[in-house]
Structure formats: structure tokens, C-alpha cells
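# What follows is a predicted structure for the sequence shown.
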Amino acid sequence: MAKAKPTVAILHYSCPPVIGGVEFIMEAHAREFIEAGFKVKLIVGKGGVVDPDAATVVIPEIVSGGGPLAKVLAALDRGEVPNGFDAAVKRVEKKLATALRGVDICMMHNVMTMHFNMVLTAALTKLMKRSRSTRFIGWTHDLTFVDPVYEPHQHRRYPWSLLLQPQAGCDYCAISGQRQMEMKRLFRIPANRIPVIPDGISVPKYLCLTKKATRLFYEERLSTVDVVAITPARILRRKNLGVGMEVVAALKKRGKSVRWMITGAPDAHNPESMKYYRMLVSLRRKLNVQKEVVFLSERFEDSISHEDLCALYRLSDLLLFPSDREGFGLPVLEAGLAGLVVVISDIPALREIAKRDAVYIHLGDSASAVAKNIIAAIKKRPELLFRKKVIQTYAWEVVFEDRILPAVLTPRKVWAALQERKSEKRK
């Protein structure tokens, strides 16, 4: 019987629809966990429903302004600890304990290193020391004590002193190497006790992908693919798609993961077109590129729209257009506008457009030679390489799988030094 996935709570002063950088990160975290089958709860001072599958618990006292505790926070903002501080901490601690029932992991964004609600920070500090059922992660985006803007709030006495050192029961992580170094100096602990878990980016959102393109992005795991190629053409013999398959197979032999998306469909009413399509399917199997060569007509019942095509260009790295007869070459213009590496057959209509700005497939060229030229052309494009690095390193699904999931499921590996130190103390 499979072990049940832990229940995850994400805690911050607020969540969407409140607008803010941390709020957007929380939303992304929540959706990745939900997509992975986790139960998710958001614990915030202000906000709404981030996802219908995530429960939102609103505790007004933990908003950055304090809500019902506004007077207490106003005094703290002046550097004063009011008489009602301890009572406010107990009040919030009790509400948090209720909200955290059944929660295995609580990801606390910024609240353990920022001064915006010291009642909340103090309540969590007390709660973490006593908790036996919930593990706490201090997700650190910013730090009051390293930012000169917050100098008026950098008091080195309680409760602000809670921000100056790691608190018992909390595993801290940082969103960047810079933050890690700042925390190392501030907390006076080794950097390996503060793993870096970066923020991510939604590739479909920022590339303005259509539903079909988004579906392909996730189903084909394009964030992990080295070379994404596109051919906007119907399945006709003169398009010479068999040569394209051989090039894809050669790229694969050179260690590159590839997806080649062919947008058009065979003509079901044309026997010759269907015969050619069946030949391509057979060749795809023979070359062992069933996964790499994607006929979109096999994936979608309806045709690819102009909006879909534009989105697919934005997803792609190169145009693979091995046609042996063309009167013009519109895909070459489209690929040029999209900034793709252009790989085309050496025929007059296409050379007239691309001239020296393309990788050419000459008659008699081996697929291996063409693949070598493609790889060399990509290496000469630093903007393309950086784009690929962003997608392969910072796409949310990559960050989630490589960094966030291990922090939740295998913390001993992520916080190895910290766990070893705890073990030594127990001995």
C-alpha cells in the first residue's frame, strides 16, 4: 500500500488576490502540490481562494498590518513592545495551532526573517518548539536585518531578535545563493544548513501559450528537452519528412533529447497522402523515434489554429523544413520572426530568403553531418542557450520536482548537515 502524501500548509501574511511577489510564488507552490496529488492548505491573514482544491484559512491577526491587532503592531513599528504583546502572541498561537491540525509540513514564507508582524513570528517560534506533528520550513525571500531600507526596524532585542538567529524546529531555505550567503552571515551558521530552493517561472503563462501548446508543453515534458523543433506543413511527399526523421534520429544518437512537432495532417481523402503517412509512421518506428517525432494530427482531433502555430513557434528552438520543392518559404519568415535556428533544404526558394543565415541540408548530406551542424549553430546562439537554461532550470515543474519535492519528502538529504548535527546532539 502506497504511503499517503503529507498534507502541506503554505503560510504568509496574505495570498492572492492580494498582489505581491511572494503571493504569486505561494500560488505557484500551491498549484504544483495540488497537481502532484497533495492536500494543500493556505494559512493567511488576508486573501481568497487560490485554487478550488486548496483550503484557505484566514486568520486576520497575521496580516502584515495586524488586523485586529493593529494597535499592537503600530507600537512595534515604533520600536515599542506594548503591554498587550504577550496576550496577542498567545491569541495568535492558539489560532495557528488550530489551523495546523492535520498538517505535516508548514512552508512559512518570509515570516521568520521579516518584521512585518512580530506577533506572528513570536507565536510561530513558540509553536515550533512544542510541535511534534508538523515540520516547519522557513522559506526566505527577504531579511529585515540585511536590508538598509529596514534599518529603523533592526532592533536587537526581543521580539526582533528572533529574526537574528535560526529558531528551534525550523528548517530554513533561501531563494538564491545571495540570500543564502546573507543568512549564513546573519545566523552565523554554515551555508549547507540553508539549501537554495529558487523561485520559478510559468513558461506557458509568460510565453502566452494556447491550450493546445500548453498541453504539449506538459505532456511532452518540453521543459526537459534539449531541442524542440517545428515543421508547419501538411503531410505531403514533397515535404521530405523522412529526411527530417533521420536528422532527429541523428540528434538523438548524439545524446540530445528531441521533440519534433509536425503540425499538419494527411489528407484522409487522398490515397497517396495516406500511403505516405503510413510510410512515415513505419519509418518513425524503424528509426526508434516514436517519442521524438510528434504528429499533432495524432494528438488533436481538430486542426492547429494560427494562434496555436504562433504559440508553438514560441516554444520551439528550431525550424526543421527539409522540403524538396517550394515556390516560396513562408515558414522561414515565421521562424525568423520567432528567432529560431533555421534548418532547411538547399533549394532556390528557401535559399533566396535565408541566404547565409540557415543550416542547410544539401543533397547527399548525411543525417549525422546535419545534426552536427545543428548543434554547432545552437551553440553560437547565446540568447537561445540562455532561454533553454531558463526553461530547463526554472520552469515551475522543474523547480518543484528537483528542489521543492525533496525538501518535503526527503528532508534529510536536503538539510543533511543540519540533520547530522541534530543526531550528534541526541547522542
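Perfect, I can see it now.

# Which positions in stretch 309-319 come out as buried?
Using 16 or more other C-beta atoms under 10 Å as the test for burial, stretch 309-319 gives Leu309, Cys310, Ala311, Leu312, Tyr313, Arg314, Leu315, Ser316, Asp317, Leu318, Leu319. All C-beta atoms are positioned from the backbone trio N, CA, C, and that covers glycine.

# tell me the contacts of the second one?
Going by C-beta atoms under 8 Å, 6 or more residues apart in numbering, Cys310 touches no other residue.

# Please, which helix or strand holds it?
Per DSSP states H and E, Cys310 falls inside helix 306-315.

# what's the neighbour count on the closest residue to Ala395 other than its chain neighbours?
Nearest residue to Ala395, sequence neighbours excluded (C-beta to C-beta, 6 or more residues apart in numbering): Ser223, at 3.9 Å. Ser223 has 20 neighbours, counted by other C-beta atoms under 10 Å.

# now Ser223: how far from Val203?
6 Å (C-beta to C-beta, to the nearest Å).

# which neighbours do the two share?
Phe217, Ile391, Ala395.

# and those as TSV, adding neighbour count and distance to Ile235?
Formatted as TSV, those follow (neighbours: other C-beta atoms under 10 Å; distance: C-beta to C-beta, whole Å):
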residue	neighbour count	distance to Ile235
Phe217	23	23
Ile391	21	28
Ala395	21	31
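
# I'd like to know how many residues surround Asp226.
Asp226 has 17 nearby residues by other C-beta under 10 Å.

# so what's it up against?
Asp226 touches Lys256, Ser257, Val258, Lys388, counting by C-beta under 8 Å, 6+ apart.

# Also Leu337?
Contacts of Leu337 by C-beta under 8 Å, 6+ apart are Tyr313.

# Just send the shared contacts of Ser223 and Val203 back as CSV, with distance to Ala371 too.
Below are these laid out as CSV (distance: C-beta to C-beta, whole Å):
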residue, distance to Ala371
Phe217, 24
Ile391, 21
Ala395, 25
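
# tell me which residues form a beta bridge with Val8?
Taking DSSP bridges, one finds Val40, Ile105 as the beta-bridge partners of Val8.

# how near is it to Thr134?
Taking C-beta to C-beta, one finds Val8 at 10 Å from Thr134.

# neighbour-wise, which of those two wins?
The residue with more neighbours, out of Val8 and Thr134, is Val8; 24 against 20, by other C-beta under 10 Å.

# isn't Lys239 right up against Pro331?
No. Between Lys239 and Pro331 there is no contact under C-beta atoms under 8 Å: 10.5 Å.

# shared neighbours, the two?
By C-beta under 8 Å, 6+ apart, the residues touching both Lys239 and Pro331 are Thr231, Ala233.

# Which residues does the host helix or strand of Ala88 contact?
Using DSSP H and E, the element containing Ala88 is helix 85-99. Contacts to helix 85-99, defined as C-beta under 8 Å, 6+ apart, come from residues 9, 41, 43, 57, 59, 61-62, 69, 72, 76, 119-120, 122-124, 126-127, 159.

# Buried residues, it. List them.
So, applying 16+ other C-beta under 10 Å, buried residues of helix 85-99: Phe85, Ala88, Val89, Arg91, Val92, Glu93, Lys95, Leu96, Ala99.

# now swap in stretch 211-219 and tell me
For stretch 211-219, using 16+ other C-beta under 10 Å, the buried residues are Lys212, Ala213, Thr214, Leu216, Phe217.

# Which one of those is nearest to Val49?
Closest to Val49 out of the buried residues of stretch 211-219 is Thr214 (21.9 Å), distances taken as C-beta to C-beta.

# ok, and the closest one, which helix or strand is that part of?
helix 211-219.

# Show the subsequent helix or strand relative to that helix.
strand 227-231.

# angle of that next one against helix 211-219?
Put simply, strand 227-231 runs at 150 degrees to helix 211-219, going by axes from the mean of the first three to the mean of the last three C-alpha atoms, to 10 degrees.

# average pLDDT for whichever helix or strand comes after strand 227-231?
Counting by DSSP H and E, the next helix or strand C-terminal to strand 227-231 is helix 241-253. Regarding helix 241-253, the rounded mean pLDDT is 97.

# Please list the residues outside helix 241-253 that contact it.
227, 229, 231, 233, 235, 258, 260, 262, 279-280, 283-284, 287-289, 292-293, 320, 322, 343, 345, 361, 366-368, 370-371, 374-375.

# and those residues, which are buried?
For the contacts of helix 241-253, a burial check counting by 16+ other C-beta under 10 Å picks out 227, 229, 231, 233, 235, 258, 260, 262, 280, 283-284, 287, 289, 292-293, 320, 322, 343, 345, 361, 367, 370-371, 374-375.
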